[in-house]
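make a model of this:
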Amino acid sequence: MAKLILRAGKVASKIILPFVVLGLIFCSIKMLSPAKAVGEQPDGDQLTELFEQAEIYDDNGQYTLAAQVYQSIITQHAGTEHALKAQKNLTRMYVFSGQLQEAQTAYQGLIDSFWGYAGIAKAICEVADSYMYLNRQPQEALELYQYVLDTWPDSADAMWAQTGIV
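Coordinates of the predicted model:
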């Protein structure tokens, strides 16, 4: 009887083992992320991770690394709302860290690259907020708020600019 049970076990293992192996291979394949084509843009989750990584660098005073991440987003997503956000964040980071020459250059990039975008007035107001509250440079902030008021007087952001001026 024992021989019969051992023989049945060997036969069963020869039949079941290939299915177990196939199942493990299938599960492994399903767990792998799909390969990205060369030059393909990162998806939303990857962009979120990039922005979070830049913020971590910024928070830790690693401004060069944060700037590199923001620049990669700007380059890889040129002409998109993601690039606008990265350019705004880069400008604000430079203002906050006291790198005022770099802030001016980044601000000019914001104006030059995103002039016609719907979110540009809001982005400029946020940069002005950085000058006002983070860097305590009210004159620069007032100039940016006034620029928003003069350029987009009918926008919803003009109200925020007026509030900043007051």
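
chain center to stretch 144-157: distance?
Offset of stretch 144-157 from its chain centre (C-alpha atoms, centre = their mean, to the nearest Å): 26 Å.

and the helices in this protein?
Remark: helices assigned in the chain by DSSP state H are 2-31, 44-59, 63-76, 81-96, 100-114, 120-129, 138-151, 156-165.

worst mean pLDDT among these?
Lowest mean pLDDT of those: helix 2-31, a mean of 49.

spatially central residue for this protein, please.
Ranked by distance to the mean C-alpha position of the chain (C-alpha atoms, centre = their mean), the top residue is Phe51 at 2.8 Å.

and that one, what does it touch?
When contacts are counted by C-beta atoms under 8 Å, 6 or more residues apart in numbering, Phe51 touches 73, 85-86, 89. Yep, even glycine has a C-beta here, placed from its N, CA and C like the rest.

let's go with 7 Å and repeat that
Residues near Phe51 by C-beta atoms under 7 Å, 6 or more residues apart in numbering: none.

relative to Glu140, how far out is it?
Separation of Phe51 from Glu140 (C-beta to C-beta, to the nearest Å) stands at 25 Å.

same thing with Ala54?
For Ala54 relative to Glu140 (C-beta to C-beta), the value is 23 Å.

okay, these two: which has more neighbours?
Between Ala54 and Glu140, Ala54 has the larger neighbour count (other C-beta atoms under 10 Å), namely 24 against 19.

for the spatially closest residue to Glu102 that is not a sequence neighbour, the count of nearby residues, please.
Nearest residue to Glu102 in three dimensions, chain neighbours excluded: Tyr94, at 4.3 Å (C-beta to C-beta, 6 or more residues apart in numbering). Residues lying near Tyr94 (other C-beta under 10 Å) number 25.

Trp152 too?
The burial count for Trp152: 17, using other C-beta under 10 Å.

if we can go back for a sec, the residue nearest to Glu102 contacts Gln104, doesn't it?
No: counting by C-beta atoms under 7 Å, Tyr94 sits too far from Gln104 to count as a contact (8.3 Å).

before we move on, the earlier item: tell me the spacing between the residue nearest to the centre of the chain and Phe114.
According to C-beta to C-beta, Phe51 and Phe114 sit 17 Å apart.
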